[in-house]
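K.L.:
I'd like to go over a predicted model; first the sequence, then the structure.
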Amino acid sequence: MVVVKEETRRGPWSEHEDRQLLSFVRMLGDRRWDLIAKVSGLNRTGKSCRLRWVNYLNPDLKRGRLTPQEKLLVLQLHSLLGNRWSKIARKLPGRTDNEIKNYWRAHMRKISKECKRGSSLGTSLVCDSLSLISETPPQSISSLAEENGMDGVKCYSMDLIWDEIESSAGGFGRGMDGACDISCSLVPSLSKDVSEPQWKIDEDELRMSLLDDARSFFSNFHNDTEAWFFNQT
DNA sequence: AAGAGTTTCAACCGCAGTTCG
DNA sequence: ACGAACTGCGGTTGAAACTCT
């Protein structure tokens, strides 16, 4: 006799499954996912149930695109926390780590594409990202860092920042093949998240203009103040 | 109108950390 | 103290929706 083990269901959730999961989460809470998976008869893994709840069914979730304010906050927090999406998500009530991660990747893709094209939009997007980071008041960064248990973080003055840009770039990350890599340590996460040669632009000219644009951008915003950056060690 | 290219979003996977017996 | 089971996180993928040519 052959016992056929029913395959665990995968793929998109049906409305019926959603309703079922919802009612079991109400009964058992949103912690015991393996138990929920077993007793609900959903034939899904606990992991899958948790994910569906966290990313979709949880009534506390906000629907729709991130607002401009939320986008700014994501960029600021990412500059501080790196790819710790769940930590970033905790600062944006109603948003999930998945949502934020997706937004960040889309944002980076946009920048890299524009850079590839060599358009000024690419430059401005990069500057936007840099400015968002620097607009965060030092005090709030400090408190955020403390909250997240990041003691010993490194603060940068504007001078240091520019030193770093210029040195890391033998100009802007002059890579092995001489291409432009603006994902210098100034914005550490850029290089980590963008796969492929997405930051590579051939023209030295563009490299210098990016640098100039960024420099003038910063000088406009920071005549009187210093921006603070953190490096995780 | 249609096909190609791009973006968005939901879901899966593997791994690391935590809990429990 | 140890190992198994469970949970949470970050990276990745793929399908659907949307936009462009």
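P.N.:
Right, received. Where do you want to start?
K.L.:
What parts of chain A come near DNA strand B?
P.N.:
Contact residues (C-beta under 7 Å from any atom of the strand) of chain A with DNA strand B: A:9-13, A:44, A:47-48, A:51-52, A:55-56, A:64-65, A:98-99, A:101-103, A:106, A:109-110, A:113. Every residue, glycine included, has its C-beta placed from N, CA and C.
K.L.:
Now, of those, which are buried?
P.N.:
Buried subset of these (neighbour count, 16 or more other C-beta atoms under 10 Å): A:13, A:44, A:48, A:51-52, A:99, A:101, A:103.
K.L.:
pLDDT and distance to residue A:29 added to those residues, as CSV?
P.N.:
CSV is the format used below for those (pLDDT from 0 to 100; distance: C-beta to C-beta, whole Å):
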residue, pLDDT, distance to residue A:29
A:13, 92, 20
A:44, 91, 17
A:48, 92, 17
A:51, 91, 16
A:52, 93, 15
A:99, 92, 23
A:101, 91, 26
A:103, 92, 29
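K.L.:
Greatest separation within those: which pair is it?
P.N.:
Comparing all pairs in those by C-beta to C-beta, the longest separation belongs to A:44 and A:103, at 26.6 Å.
K.L.:
Contacting DNA strand C as well, which ones from the residues of chain A next to DNA strand B?
P.N.:
Restricting these to those near DNA strand C by C-beta under 7 Å from any atom of the strand leaves A:47, A:98, A:101-102.
K.L.:
What about the residues you listed, which are in helices?
P.N.:
Among these, the residues falling in helices (DSSP state H) are A:47, A:98, A:101-102.
K.L.:
Present these as a markdown table; the columns should include distance to residue A:27.
P.N.:
What follows is those, written out as a markdown table (distance: C-beta to C-beta, whole Å):
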| residue | distance to residue A:27 |
| --- | --- |
| A:47 | 19 |
| A:98 | 25 |
| A:101 | 30 |
| A:102 | 31 |
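K.L.:
Just name the closest of those to residue A:20, please.
P.N.:
For these, the nearest to residue A:20 is residue A:47 (16.7 Å; C-beta to C-beta).
K.L.:
How many residues are close by the closest residue to the closest one other than its chain neighbours?
P.N.:
Leaving out its chain neighbours, the residue that sits closest to residue A:47 by C-beta to C-beta, 6 or more residues apart in numbering is residue A:33, at 6.8 Å. Residue A:33: 22 surrounding residues under other C-beta atoms under 10 Å.
K.L.:
which ones are touching residue A:33?
P.N.:
A:46-47, A:49-50 (C-beta atoms under 8 Å, 6 or more residues apart in numbering).
K.L.:
what's the distance between the closest residue to residue A:97 other than its chain neighbours and DNA strand C?
P.N.:
Spatial nearest neighbour of residue A:97, excluding adjacent residues (C-beta to C-beta, 6+ apart): residue A:85 at 3.7 Å. Residue A:85 is 4 Å from DNA strand C, where distance means C-beta to the nearest atom of the strand, to the nearest Å.
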